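Visitor: Have a look at this fold, sequence not included:
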């Protein structure tokens, strides 16, 4: 009888444990995500939708993500605070928007004269990038993951041609991040304006120039109807968006759902990069055909030299005043030096060769 009782108790314990594990395996989680962009915003919004769809499918419905666009939560530049406070579980935005709150966040979107998208992704995932980014976000109960890249962004739309540094003096321009600080050093008055307000600001002369992304998204906002001069880029050679996750929420997820979410974010980020390349190529073709008055310009060497010197000055100041900033700047500079040496004999050499034979 005692043996039978012991066996019965053991079987019951195993059954109870199995039932509990099965119930846990079937537990569903619904996370709320706030994005900086408006509803159905192309490319940027595609990244969040793709990520959510992949997570739900791979988890067999156990992980669902509900997306609230800026029209719903009414705070396009409040994503950091809302995810930090737990009002939302996740966010999709750009790290450099938070430089006023946490200055070191700006390094993880894009840096003037810095890495290309391929180089930057290599730094994130095979260099120090992810560790340094988490060191910045850790004190704020946040985790940050690469959230999709636009590739090299255009230098902006200008009503008047920029022929010298003098033409930049007092010019009011929408341009965020470190590039805005660089422009300020050479005489520009930079400002940050939410995407939905950019066209009106340029049309009403609230600003004289606007930098947004590239042909695919710029044409949708209609800048080509207001400004004739479209400048090539220097300031954001690899603009990486971000997925923000509340760390306490992350820690409550089972390990398999954490991995599913991680893979979904990484895959959606890569897909955004190639979608950006595709859509920009199509849009550029349409600009040449449908908007012949648009003039593609490159800033004069005098302007480039002034901006490069200002960039180095600001980087040195940032590194001198903050130990963590110094680590990030050094890591990016060292990785760029190593990676660019190979880029020069591979991609640059190939493009130069093709330019000569075409």
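Guide: Looks like it arrived, so ask away. Just so it is clear, the structure is predicted and the values come from calculations on it, not from any experiment. Residues are numbered from 1 along each chain as shown.
Visitor: In the chain, where's the longest helix?
Guide: The longest helix of the chain (DSSP state H) is helix 255-290.
Visitor: tell me what that helix is packed against?
Guide: helix 44-58, strand 63-68, strand 142-149, helix 215-221, strand 240-246 (3 or more Cβ pairs under 8 Å, 6 or more residues apart in numbering; DSSP states H and E). Heads up, the C-betas are built off the backbone N, CA and C, glycines and all.
Visitor: mind checking which of the ones you listed is nearest residue 278?
Guide: Smallest distance to residue 278 across the helices and strands packed on helix 255-290 (Cβ to Cβ): 8.4 Å, for helix 215-221.
Visitor: How about residues contacting the helix or strand immediately after that closest one in the chain?
Guide: Going down the chain from helix 215-221, the next helix or strand is strand 229-231, by DSSP states H and E. For strand 229-231, the external contacting residues (Cβ atoms under 8 Å, 6 or more residues apart in numbering) are 154-162, 218, 223-224, 287, 294-299.
Visitor: from the residues you listed, which ones fall inside helices?
Guide: 218, 287.
Visitor: From the contacts of strand 229-231, list just the buried residues.
Guide: Neighbour-count burial within the contacts of strand 229-231 applies to 154-158, 162, 218, 223-224, 287, 294, 297, 299; the criterion is 16 or more other Cβ atoms under 10 Å.
Visitor: any chance of these in a markdown table, plus distance to residue 172 and pLDDT?
Guide: Below are these laid out as a markdown table (distance: Cβ to Cβ, whole Å; pLDDT from 0 to 100):
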| residue | distance to residue 172 | pLDDT |
| --- | --- | --- |
| 154 | 18 | 97 |
| 155 | 16 | 97 |
| 156 | 12 | 97 |
| 157 | 13 | 97 |
| 158 | 11 | 97 |
| 162 | 14 | 98 |
| 218 | 18 | 94 |
| 223 | 15 | 94 |
| 224 | 20 | 93 |
| 287 | 25 | 88 |
| 294 | 21 | 94 |
| 297 | 19 | 97 |
| 299 | 17 | 97 |
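Visitor: CSV for those, including distance to residue 207?
Guide: Below are the buried ones among the contacts of strand 229-231 laid out as CSV (distance: Cβ to Cβ, whole Å):
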residue, distance to residue 207
154, 16
155, 15
156, 10
157, 10
158, 10
162, 15
218, 15
223, 11
224, 16
287, 21
294, 18
297, 18
299, 18
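Visitor: Going by distance to residue 176, which of those residues wins?
Guide: residue 156 (11.5 Å).
Visitor: Once you drop chain neighbours, what's closest to the closest one?
Guide: residue 211 (3.5 Å; Cβ to Cβ, 6 or more residues apart in numbering).
Visitor: Tally up the residues packed near that neighbour, please.
Guide: 26 (other Cβ atoms under 10 Å).
Visitor: any idea how far residue 169 is from it?
Guide: 18 Å (Cβ to Cβ, to the nearest Å).
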